[in-house]
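In: with the input below, show me the fold.
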Amino acid sequence: MSDTMQAAVVPEPGADFEVVERDVPEPDPGEVRVSVDACGICHSDVFTKEGTNPDISYPRIPGHEVAGRVDAVGDAVDAWDVGDRVGVGWHGGHCSTCDQCRQGNFLQCENGEVTGLSYDGGYAEYMTAPSEALARIPESLDAAAAAPLLCAGVTTFNALRNSDANVGDLVAVQGVGGLGHLGIQYAHAAGFETAAISRTPEKESLAKELGADHFINAADVDAGQRLQELGGADVVLATAPSSDAISSIVSGIGVDGSVVVVGVPGEPVEVSAMQLVQNRGAVEGWASGHARDSQDTLEFSSLRDIAPEIETYPLEEVETAYGRMIDNEARFRAVLEL
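Out: Numbering: from 1, shown residues only. Next comes the predicted model:
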């Protein structure tokens, strides 16, 4: 193995990517080194690219949708072996000792780390990560397909399985994009009556292919009213980051229904308190998951043949790939193959 590697680095906030040669990192005692096969590009990578998080130090390698194999383990690691197929998602490690960790809320760890923000991520041939941040990838999953499941996948899967929806309930997925096209598949596979909501009528055939029982063209009809005609949604999974779109579907929830927001808009979401009071409804949020949640997502996806629609790029085309993802031109996830 060479002592150096190729990596796409953000040298400073707002700068273009630089593909450079770097030394291969050595794992600390509690870390694992991963030989990266693929790394998805996520909208959240903008935090690193543009420097919107003041805690990021530069230069920094982004990437929190990492699929690869264990290449080396630290002296204190006994849970992983060289050659294991692993993934690293947004959850980049936790302390295990703070109040949130002691309650099992590892994603809310008071000292938690985020892959690609707190430390270098997967836009590189190799990376290191705390051993508790790793999820096992089934051999049946292709690396490029597995990578987006470590963020977009776990976000939608985890939000649905932690909702109050039961088999046969009406679950609506607002948005048929990077998050939504996976949410539809998970909702269908979980046995929900699934409705897809989009302002793009051309996406109806795709939504039906992914498992939607109903397609609601929000450009032509009132989505909330249409959901009420279907009996009222038990859960609406809001994946498109549009405040107006989220506000418009609150009226579609049934009694004790909820809107679960996973696509975060830049503006506040206006909600009628009367609508919530009348239906005992709720608007709540859900943020991805920890490593075990990611592993559950990967295993369920393998079991039910759920996969993202992806575009793949070599590391040298990182600027193009990132631009297509950020500009919402990719269908539906951009992945770097290394």
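
In: skipping adjacent residues, who's closest to Glu50 in space?
Out: Gly14 (5.6 Å; C-beta to C-beta, 6 or more residues apart in numbering). Where C-beta positions appear, they are placed from N, C-alpha and C, glycine not excepted.

In: SS state for that neighbour?
Out: What DSSP: H, G, I helix; E, B strand; the rest coil gives for Gly14 is coil.

In: so what's it up against?
Out: Applying C-beta atoms under 8 Å, 6 or more residues apart in numbering to Gly14 gives the contacts Lys49, Glu50, Gly51.

In: ok, those vs Gly289, which is closest?
Out: Proximity of the contacts of Gly14 to Gly289 (C-beta to C-beta) peaks at Lys49, which lies at 23.5 Å.

In: that closest one falls within a strand, correct?
Out: No: under three-state DSSP, Lys49 sits outside any strand and is assigned helix.

In: how near is it to Asp293?
Out: Separation of Lys49 from Asp293 (C-beta to C-beta, to the nearest Å): 26 Å.

In: neighbour-wise, which of these two wins?
Out: A count of neighbours by other C-beta atoms under 10 Å puts Asp293 above the other of Lys49 and Asp293, at 23 against 19.

In: helix, strand or coil for that one?
Out: helix.

In: pLDDT value on it, please?
Out: Here the pLDDT value assigned to Asp293 is 98.

In: list the contacts of the nearest residue in space to Pro268 that is not next to it in sequence.
Out: Among residues not flanking Pro268 along the chain, Ser243 sits closest, at 6.5 Å (C-beta to C-beta, 6+ apart). Contacts were defined as C-beta under 8 Å, 6+ apart; by that measure Ser243 touches Pro265, Gly266, Glu267, Pro268, Val269, Glu270.

In: for PyMOL, what selects the buried ones among those?
Out: Only the buried entries of those go into this PyMOL selection, using 16 or more other C-beta atoms under 10 Å:
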select buried, resi 265+269
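
In: could I get the contacts of Ser243 as JSON lines with pLDDT and secondary structure?
Out: What follows is the contacts of Ser243, written out as JSON lines (pLDDT from 0 to 100; DSSP: H, G, I helix; E, B strand; the rest coil):
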{"residue": "Pro265", "pLDDT": "93", "secondary structure": "coil"}
{"residue": "Gly266", "pLDDT": "90", "secondary structure": "coil"}
{"residue": "Glu267", "pLDDT": "94", "secondary structure": "coil"}
{"residue": "Pro268", "pLDDT": "94", "secondary structure": "coil"}
{"residue": "Val269", "pLDDT": "94", "secondary structure": "coil"}
{"residue": "Glu270", "pLDDT": "94", "secondary structure": "coil"}
